[in-house]
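*Asks:* sequence first, then the predicted structure:
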Amino acid sequence: MPILTRIKPNLYKDSVALMRVAEKLLQDPAITRATLVMATPANKEILAEAGLLDEAAGRAGPSDLVIVVEATETDRAESAFASVDAALTAGASPSGPDRAIAPRSIAMGLKAAPEANLAQISVPGPYAGAEALKALKAGLNVFLFSDNVPLEQEKAIKNLAAQRGLLVMGPDCGTAIVGGVPLGFANVVRRGSIGLVGASGTGLQEVSCQIHLQGEGVSHAIGTGGRDVKAEIGGISMLGALDLLATDPETRVIGIVSKPPAPAVMRAVIEHAGRAGKPVVVCFLGGAAIDLPPNVSQARDLFECAALCVGRARGAPAVVTADADAPVPRFASGQRYLRGLFSGGTFCTEAQVALAAVGIACRSNVPLDPAHALARLDRSEGHTMLDLGDDDFTVGKPHPMIDPSLRLARIAQEAADRETAVLLLDIVLGYAGHPDPAGALAAAIAQARDDAAAAGRALPVVAFVCGTEDDPQVRSRQEALLRDAGALLAPSSSHAARLAARLIARVNA
């Protein structure tokens, strides 16, 4: 199939905006791959690995936009480029002496909004560090959406922020809620007295949504970026966020969500939590039980983290919803394995933890144990949990929270595998995500179940919705679509992971 490339010199566009353009292109069945990226060295390396880097793209500079389209026919690719041009120019400011000029720098932004105290940065990684430093030197906190920021730059940026009493969320921070304002991939939740800190984007989303669903609210949800809790960074942003929430008069309870930090970082986080003067709940997914100060509690999973936070806010015992059971279908001979297809990386981790708790090891592209790394991304092995939002899968494709095409194809692939017994899926709502994610998957879920039934196999599909009724996609509508498609609906990511684990454990008993 022809692969065509166009270069837009000196044209920067936000990565989320580019993903949305790519998603629209991929709605045309004739377009098999579409990617729009800034021509940074890291992005060009990714394009090269995917076989999408031609000579012109190789010569492009970091400030140039590269558009690559693979299509069944050349004229369909050309039509796609016309669609890109229209999308990139839509809403452009009119020309003339009276046209408004959008700020093009931190300084211009501050001039337009001198009362601002936070800068949101989403530029190519090689430039993100410099922009973050400019913002910090101007007295601004930073929400750093950009990824591919060198580790040593991240540490330097965060050290400067700590010296100036400021906070850096990121790099690669996908979710935050600051004073009720959602940033990145975030949900519509009520304001309240529970403050959250997370080195996990979808973890923050799920805990904040579950708090909302249980009737309480969130003061702030502060993302730190996943590398913050590594030894090289030392948890600088997590410790700073803990200090901020400890002194915030609106915050009465603090929740922390992360994979287990490096040992020294974990000790520092627990010590800070012990000095917070407020109840603190920690959820280190996959971590062992740890000794804690009297004011700190440990949650085993995301739902329990939310429930404990709500209980502490009310001064009452936590209400942990019991697991609902489901009848075990009559599986055909050979059906043995669970296949998880996630758009959220934290949900993939949580599912692996739930499986490990019942003695089931699984393969993954983001395994808890490196020994369980998946040999080939295009083929599952035994029990397999896939984070489809990982960089391994998003080359030439938008993130699965925006574009469902990769997951649709994988649902069909796993359903056709006679060894597949159960599918496990997440549906993530909120700003910046797909406008109807359950609607996009419902037909594929129903078709997978019908095809399995025609072949004499049962195929339960366990699913959950991360979101609220106030999200643009509306939680109840999404849940209804999943039920109508035949999915087994769980009330949270934690319940879904345990339900799938129980079904598989019984299949293999």
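*Replies:* Now that the structure is in, tell me what you want to look at.
*Asks:* give me the distance between residue 354 and residue 497.
*Replies:* 4 Å (Cβ to Cβ, to the nearest Å). Placement of C-beta: from N, CA and C, glycine included.
*Asks:* who's more crowded, those two?
*Replies:* The neighbour count for residue 354 versus residue 497, taken as other Cβ atoms under 10 Å, is higher for residue 497 (31 against 24).
*Asks:* any idea which element that one lies in?
*Replies:* Secondary structure assigned from DSSP states H and E places residue 497 in helix 493-507.
*Asks:* list the buried residues in that helix.
*Replies:* 493-504, 507 (16 or more other Cβ atoms under 10 Å).
*Asks:* format the residues you listed as JSON lines; extra columns: distance to residue 325 and pLDDT.
*Replies:* Output for those, formatted as JSON lines (distance: Cβ to Cβ, whole Å; pLDDT from 0 to 100):
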{"residue": "493", "distance to residue 325": "18", "pLDDT": "97"}
{"residue": "494", "distance to residue 325": "15", "pLDDT": "96"}
{"residue": "495", "distance to residue 325": "11", "pLDDT": "96"}
{"residue": "496", "distance to residue 325": "13", "pLDDT": "96"}
{"residue": "497", "distance to residue 325": "15", "pLDDT": "96"}
{"residue": "498", "distance to residue 325": "10", "pLDDT": "95"}
{"residue": "499", "distance to residue 325": "8", "pLDDT": "95"}
{"residue": "500", "distance to residue 325": "12", "pLDDT": "95"}
{"residue": "501", "distance to residue 325": "12", "pLDDT": "92"}
{"residue": "502", "distance to residue 325": "7", "pLDDT": "91"}
{"residue": "503", "distance to residue 325": "10", "pLDDT": "91"}
{"residue": "504", "distance to residue 325": "14", "pLDDT": "90"}
{"residue": "507", "distance to residue 325": "15", "pLDDT": "79"}
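*Asks:* including distance to residue 278, could these go into TSV?
*Replies:* TSV is the format used below for these (distance: Cβ to Cβ, whole Å):
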residue	distance to residue 278
493	26
494	24
495	28
496	31
497	29
498	30
499	34
500	35
501	34
502	36
503	39
504	40
507	44
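*Asks:* which of the residues you listed sits closest to residue 89?
*Replies:* Residue 89 has its nearest neighbour among the buried residues of helix 493-507 in residue 493, at 39.7 Å by Cβ to Cβ.
*Asks:* give the contact list for that closest one.
*Replies:* Applying Cβ atoms under 8 Å, 6 or more residues apart in numbering, we find residue 493 in contact with 206, 301-303, 344, 346-347, 350, 426, 464, 466.
*Asks:* just the C-alpha atoms of stretch 377-396, please, in PDB.
*Replies:* This file holds the C-alpha atoms of stretch 377-396, laid out as PDB (Å, rounded to 0.1, in the frame of the first residue of the first chain):
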ATOM      1  CA  LEU A 377       3.300  -7.700  20.700                       C
ATOM      2  CA  ASP A 378       1.100  -9.100  17.800                       C
ATOM      3  CA  ARG A 379       0.400 -12.400  19.500                       C
ATOM      4  CA  SER A 380      -0.900 -13.200  23.000                       C
ATOM      5  CA  GLU A 381       0.700 -16.000  25.100                       C
ATOM      6  CA  GLY A 382      -1.400 -17.700  27.700                       C
ATOM      7  CA  HIS A 383      -2.900 -15.100  30.100                       C
ATOM      8  CA  THR A 384      -2.000 -11.800  28.500                       C
ATOM      9  CA  MET A 385      -2.600  -8.200  29.700                       C
ATOM     10  CA  LEU A 386      -1.900  -5.500  27.200                       C
ATOM     11  CA  ASP A 387      -1.500  -1.800  27.700                       C
ATOM     12  CA  LEU A 388      -2.500  -0.600  24.200                       C
ATOM     13  CA  GLY A 389      -1.700   3.000  25.200                       C
ATOM     14  CA  ASP A 390       2.000   2.200  25.600                       C
ATOM     15  CA  ASP A 391       4.500   3.600  23.000                       C
ATOM     16  CA  ASP A 392       4.900   0.000  21.700                       C
ATOM     17  CA  PHE A 393       1.400   0.200  20.200                       C
ATOM     18  CA  THR A 394       0.800   3.900  19.300                       C
ATOM     19  CA  VAL A 395       3.400   4.400  16.500                       C
ATOM     20  CA  GLY A 396       1.400   5.700  13.600                       C
END
